[in-house]
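Engineer: Following is a predicted model, sequence given first.
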Amino acid sequence: MTRPTRPNLGSDSFNEIATVRIELRHTDPLIWRQVEVPTSITLKVLHDIIQIVMGWFDYHFWEFTIGKQKYGLPMDASGGTGFPIAAGKVRLRDVLKPRKTIIDYTYDFGDWWEHRLTVTDVRAGQQGVSYPRYIAGEINGPPEDCGGIPGFYDLLDAIADPKHLNHAHVKEWAGDYDSATFDLLPIKYALARIANRRNAAKVRLAKKKQFGSAA
């Protein structure tokens, strides 16, 4: 089934949004977030959004996989596998399928954090609402550089057990990390910065369109 073509520069396309559910694979209980994002964002901006809502700090290389195609940083910069297309040159709307799109996202090629994104409900955004915006989520994301999924659960075991051989060391290393809770305020502030940049671009687009019509 061929997906209907949408204009690349029209205001309707600019205002279109989608719901994205982000799941950190192999976690139990499942670590997940749900956000609403404009479909006009690039995959690089989608990467930025994932980093924000999952609590990562963008210290490492990363890569999207959609079908058999990879998207990421240019090969000479990322050192990733395959030959990814530059994520900053591809918009989310360009890779969407009808009804539902599955996107795999890997962060940190050492710890190998695998995320599964499910993109659904493509629709017009609400008037007066800024996007991207956080909707819901559960469980704090793992700390950076804790050793991937096995290291993360070893860390939780050590934190929970005062008699664990590594309890004191892990408590010092992890600081005040709490797997049960995460702070929504930094998430909302960081997403608001992305939304503000997008709103400024929207104003510029409207002015350009206005002056173009006048000409």
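Structural biologist: Ah, there it is.
Engineer: sec struct for the residue positioned nearest the centre of the chain, please.
Structural biologist: Geometric centre of the chain, nearest residue: residue 50, 2.0 Å, by CA atoms, centre = their mean. The local conformation at residue 50, judged by DSSP: H, G, I helix; E, B strand; the rest coil, is helix.
Engineer: which residues of this protein score low on pLDDT?
Structural biologist: Applying pLDDT under 70 to the chain flags residues 1-12, 75-83, 201-215.
Engineer: and the longest strand for it?
Structural biologist: Taking DSSP state E as the criterion, the chain has its longest strand at strand 113-124.
Engineer: in it, what counts as buried?
Structural biologist: For strand 113-124, burial by neighbour count (16 or more other CB atoms under 10 Å) applies to 113-115, 117, 119, 122. The way it works is simple: take the backbone N, C-alpha and C, and place the C-beta from them, glycine included.
Engineer: Contacts for that strand, please.
Structural biologist: With contacts defined as CB atoms under 8 Å, 6 or more residues apart in numbering, strand 113-124 is touched by 12, 15-26, 39, 50, 54, 56, 92, 96, 99-107, 142, 148-149.
Engineer: Which members of the residues you listed are positioned in helices?
Structural biologist: Under the assignment DSSP state H, the contacts of strand 113-124 contribute 12, 50, 54, 148-149 to helices.
Engineer: hang on, the earlier thing: quick one: buried ones out of the contacts of strand 113-124?
Structural biologist: For the contacts of strand 113-124, buried by 16+ other CB under 10 Å: 15-18, 20-24, 39, 50, 54, 56, 92, 96, 101, 103, 105-107, 142, 148-149.
Engineer: where do the strands sit along this structure?
Structural biologist: Going by DSSP E, the chain shows strands at 16-24, 31-38, 62-66, 69-72, 85-86, 100-107, 113-124, 133-138.
Engineer: Let's have these in a markdown table, adding distance to residue 154.
Structural biologist: As requested, these are exported to a markdown table (distance: least, CB to CB, whole Å):
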| stretch | distance to residue 154 |
| --- | --- |
| strand 16-24 | 16 |
| strand 31-38 | 16 |
| strand 62-66 | 24 |
| strand 69-72 | 29 |
| strand 85-86 | 36 |
| strand 100-107 | 19 |
| strand 113-124 | 15 |
| strand 133-138 | 21 |
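Engineer: Looking at these, spot the one closest to residue 197.
Structural biologist: With CB to CB, the closest approach to residue 197 among the strands of the chain belongs to strand 31-38: 11.2 Å.
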